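J.: I'll drop the sequence and a predicted model, then ask my questions.
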Amino acid sequence: MEKRIMLAVFLMGFISLFCQTVLIREFLVVFNGNELTIGIILANWILLSALGSLIVSLFLRNTGLSRPAYAALQVASALYLPIAVFLIRMTKTFIGVSAGEGLGIAAVIATSFLITCPLAFCIGAQFPLGCEIAKATRRGNADPAGIVYTVEALGFVVAGPVVTYLLISRLDTFSSVFLAGLCNTLSAIFVLKKIPRAPVRLVRIFALLSFLLFLGGLVGPVRSIQRLSLDLQWKDQDLVRYQNSLYGNLAVTKNRSQYTFYSNGLPIITSPSPDTSHIEDMVHFSMASHPDPKNVFVIGGGTGGLIREILKYPVEGIVYAELDPSLIALVNTCATDITRSELSEPRVQVRYADGRVALQQLKKERAPVDIIIVNLPPPSTLQLNRFYTKEFFSEARALLRPGGTLCLALPGSLSYLSNELRGLNATILDTASDVFTVTVIPGQTNLFLLSDRAIALSPDTIIGHLTQNQISTTIFNKTYLEERLRHSWLTWFIDSIKTFPATRKNLDLLPIGAFFAISYWNSVFSPQTQGLFRLIGSIEFSGFLVATACLLFLACASSFFVRNRERYAAGFAMATTGFAGMGLNLIVIYAYEAAYGYIFHHVALLFSSFMAGLAFGGYLATRRRPSRGEATRALITLEMSGVILALVVSALFPMRLVPFVFFIVSAAAGLLVGTQFPYVNAVYSNNSPKGNTGGVVYALDLLGSWVAALLVSALFLPLIGVVKTCILVALIKLSSLLTAFLAARNPTSP
């Protein structure tokens, strides 16, 4: 394959990951997302890419226009990407909601589908065109589709660290988008080099003009475009700062002297006038639960008022764990008297680390604490859920001194607890009760005080505690406390959640709390889909097992009614391998986070390990074109390997593993996918020698990945956990193994 074509295919993989990363980050600001929204956005991208590949494959029949079509798609995707970013930022304006408000699941599905459609379709359509060009310029007996698949995977491998550490975190969005457009249009010019045909000349002119447009934009109006889009997105607000960090998007708005700090579109800090009731509840109830608190550990949301309240007590030290250093840097840039005094106080030590990593560090340093305050949002993501699990509670109890208290909060209500609120509160209460004695203070926000002893709080004891320490408060007076601690509220709360049977504990590897938090989020913004979520939440593992077995039985049985069983079996195998590859990769990343905390660059490296394994597998299998019999035998072996890999992962991940093992498993999952693609394509091409089969096989791979993106992180992991999800993956691969085995024995129907 020509070097310029190889470079174009490499760029296809690079740009694909770049576009996915940029769009998902932009959508998260709009949708205030969790695993469900990320899964929907990613699934829409994968589905549309699969459709692009499939449609071009079905209608491409050696037309001789592969090169100009490929180059035209490169230019079209480059031109549309900045438009897509602009449209995403205008989404709430179009819908008529303000920045900071959430959107329902229907809006997430429709908006992400419509905006990503042209871009994902164009990038997906490039794959079969690349296969056609590689086929026309190939040398030797290597499989051209396999080469394109492998080189594209290498683009993904390189894109992971480059996009994460250079483009996203160091450049503003439109600058990085224009730079990507410059590379894409330049590649298109090279693809068409020295081809004199008239259609090619038109595309070449189109590519050259687009290249000059992006070049001029980079040295000219790109910052103005960035600012215009942000002003429209944050209309009616004074946006003073906006930046991307390794961990997400950060923004700061100002209203007179009040600063509001946003992370991925959600307000997390307000200063100098914070949410007084929330902060005083978190601090003074937890501090009053201890006779003499000296050391406090705060996880998330410390600056902006919470640390100031703690410093009113004669504490000796506060350790504040904040994951994103860029957030604290931004707070210092837009400092107020509150944040300035908090972060300059000698007794305050800021640790830039995942909260659980910081907790484990304190344990190793033998630095026990009296109070732990978890000031985080509800567990609506798998990453947040790790601070509401039995394992976290056990680690926290080991850090606390005898009589110490852990304080956390969950959404509540004093009028009606919906099924979603009952599920969330009952599950966390039941889980925490396995480790601590739990005291609940119901309200619009339910406060949970966890200790190794029963905590008895009354308005008089709290007022006495505040008076003894000469602490002034805004709302903590006797009237407020009598209402907040009214015994009838607690009785009503306990009676309400008793009607919800908490049958599953919230564990690191079974994050059921995340499902209930996502269900609650969905009930607020998309109440019309509550019934569906309640139905899904009631399904046990046996239900998923039976449903999966029935669907797979139908898929296997269908092979007896098709004309070419061998081709059917190979396509089914590719789809299930796409599912298994994406599913196992998501499982590995989540299990790693559960074991070692949210260490962003490690997560990026895990993804790169998967893609490196995929590229290496593709390289091994494409060195020469296998015969029909070799491809069939290899396919059966690979299907068996997929079953074994899923079962091995289900046995490994409940253990305490060294980090290296996670990278090995991730690479092995990629190796399975990458090795299988050329063999499946060989089976297809042996049965359809004149067709462009590479794009069809690629589409099948993506369709399997699409199903996994929708189901694994947002449904299977929260509801049945890591181990049982791996068992489902093994069952799915077992069905395609059986189908491949039967097809090998009788490749055509009678």
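T.: Everything's here; your move.
J.: so what's the gap between the helix or strand where residue 423 lies and the chain middle?
T.: Assigned by DSSP states H and E, residue 423 belongs to helix 419-432. The chain centroid and the centroid of helix 419-432 are separated by 24 Å, computed with CA atoms, centre = their mean, to the nearest Å.
J.: and what of stretch 404-421?
T.: 25 Å.
J.: C-terminal to the helix or strand hosting residue 582, what's the next element?
T.: Here residue 582 is covered by helix 565-596, with elements defined by DSSP H and E. Next helix or strand after helix 565-596 toward the C-terminus (DSSP H and E): helix 600-621.
J.: ok, and what's touching that following helix?
T.: Defining contact as CB atoms under 8 Å, 6 or more residues apart in numbering, one finds that helix 600-621 is touched by 143, 146-147, 149-150, 153-154, 156-157, 160-161, 164-165, 246-247, 581, 585, 588-589, 592-593, 596, 634, 659, 662-663, 666-679. Using the backbone N, CA and C atoms, a C-beta is placed for each residue, glycine as well.
J.: put the buried members of these into a PyMOL selection.
T.: The buried residues among these can be selected in PyMOL (16 or more other CB atoms under 10 Å) with this line:
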select buried, resi 143+146+147+149+150+153+154+156+157+160+164+247+581+585+588+589+592+593+596+634+662+663+666+667+668+669+670+671+672+673+674+675+676+677+678+679
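J.: filter the contacts of helix 600-621 down to just the ones in helices.
T.: 146-147, 149-150, 153-154, 156-157, 160-161, 581, 585, 588-589, 592-593, 596, 634, 659, 662-663, 666-679 (DSSP state H).
J.: what is the mean pLDDT for stretch 243-259?
T.: Averaging pLDDT along stretch 243-259 gives 88.
J.: over to stretch 682-698?
T.: Averaging pLDDT along stretch 682-698 yields 76.
J.: from here on, count from 50
T.: Got it, the first residue is 50 from now on, which makes the last one we talked about stretch 731-747.
J.: quick one, strands of the stretch 300-449 of the chain?
T.: 307-312, 315-320, 344-348, 366-370, 397-400, 418-423, 449-460 (DSSP state E, counting those that start in this stretch).
J.: right, so these: which one is the most enclosed?
T.: Using mean count of other CB atoms under 10 Å, the stretch among the strands of the stretch 300-449 of the chain with the largest mean neighbour count is strand 344-348, at a mean of 26.
J.: what about the closest residue to residue 282 other than its chain neighbours, distance to residue 274?
T.: Leaving aside its sequence neighbours, residue 282 sits nearest to residue 138 (CB to CB, 6 or more residues apart in numbering; 3.9 Å). As judged by CB to CB, to the nearest Å, residue 138 and residue 274 stand 11 Å apart.
J.: again with residue 431
T.: In this view, residue 431 and residue 274 are 35 Å apart by CB to CB.
J.: more neighbours: which of these two?
T.: residue 431 (24 against 20; other CB atoms under 10 Å).
J.: my guess is the more buried one contacts residue 642, does it?
T.: Yes. Taking contacts as CB atoms under 8 Å, residue 431 lies within contact range of residue 642: 7.2 Å.
J.: gap between stretch 662-669 and the chain center?
T.: That offset, for stretch 662-669, works out to 25 Å (CA atoms, centre = their mean).
J.: same question, stretch 591-607
T.: From the chain centre to the centre of stretch 591-607 is a distance of 28 Å (CA atoms, centre = their mean).
J.: buried ones in it?
T.: Residues 593, 597, 601, 604, 605 are the ones in stretch 591-607 that count as buried (16+ other CB under 10 Å).
J.: give me the below-cutoff pLDDT ranges for the stretch 600-749 of the chain.
T.: Of all residues in the stretch 600-749 of the chain, those with pLDDT under 70 make up the ranges 648-650, 736-741.
J.: any idea how far the residue nearest to residue 282 is from residue 101?
T.: Using CB to CB, one gets 25 Å for the distance from residue 138 to residue 101.
J.: run a quick neighbour tally on the residue nearest to residue 282.
T.: Per other CB under 10 Å, the neighbour tally for residue 138 reads 22.
J.: next one: residue 155
T.: As a burial measure, residue 155 scores 12 neighbours (other CB under 10 Å).
J.: before we move on, what about residue 510?
T.: 13.
J.: show me what contacts it?
T.: So residue 510 contacts residue 337 (CB under 8 Å, 6+ apart).
J.: any idea which element it lies in?
T.: Going by DSSP H and E, residue 510 is in helix 508-517.
J.: report the backbone C-alpha coordinates of the helix or strand following that helix in PDB.
T.: Per DSSP H and E, the first helix or strand lying C-terminal to helix 508-517 is helix 527-533. The C-alpha trace of helix 527-533 is given here as PDB (Å, rounded to 0.1, in the frame of the first residue of the first chain):
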ATOM      1  CA  LYS A 527     -32.600  26.100  67.800                       C
ATOM      2  CA  THR A 528     -35.700  26.500  65.600                       C
ATOM      3  CA  TYR A 529     -33.900  25.100  62.500                       C
ATOM      4  CA  LEU A 530     -32.500  22.200  64.500                       C
ATOM      5  CA  GLU A 531     -35.800  21.200  66.100                       C
ATOM      6  CA  GLU A 532     -37.300  21.000  62.600                       C
ATOM      7  CA  ARG A 533     -34.400  19.300  61.000                       C
END
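J.: does residue 454 have any beta-bridge partners, and if so which?
T.: residue 420, residue 500 (DSSP bridges).
J.: residue 331 versus that one, what's the distance?
T.: In this view, residue 454 and residue 331 are 11 Å apart by CB to CB.
J.: about what we covered before: rank the strands of the stretch 300-449 of the chain by pLDDT, which is bottom?
T.: Mean pLDDT per stretch puts strand 315-320 lowest among the strands of the stretch 300-449 of the chain, at a mean of 86.
J.: list the helices and strands that strand packs on?
T.: If you count contacts as 3 or more CB pairs under 8 Å, 6 or more residues apart in numbering; DSSP states H and E, strand 315-320 packs onto strand 307-312.
J.: for the strand it packs on, which outside residues touch it?
T.: The contact list for strand 307-312 (CB under 8 Å, 6+ apart) reads 78, 148-149, 289, 297-303, 316-322, 353, 373, 376, 379-380, 383, 385.
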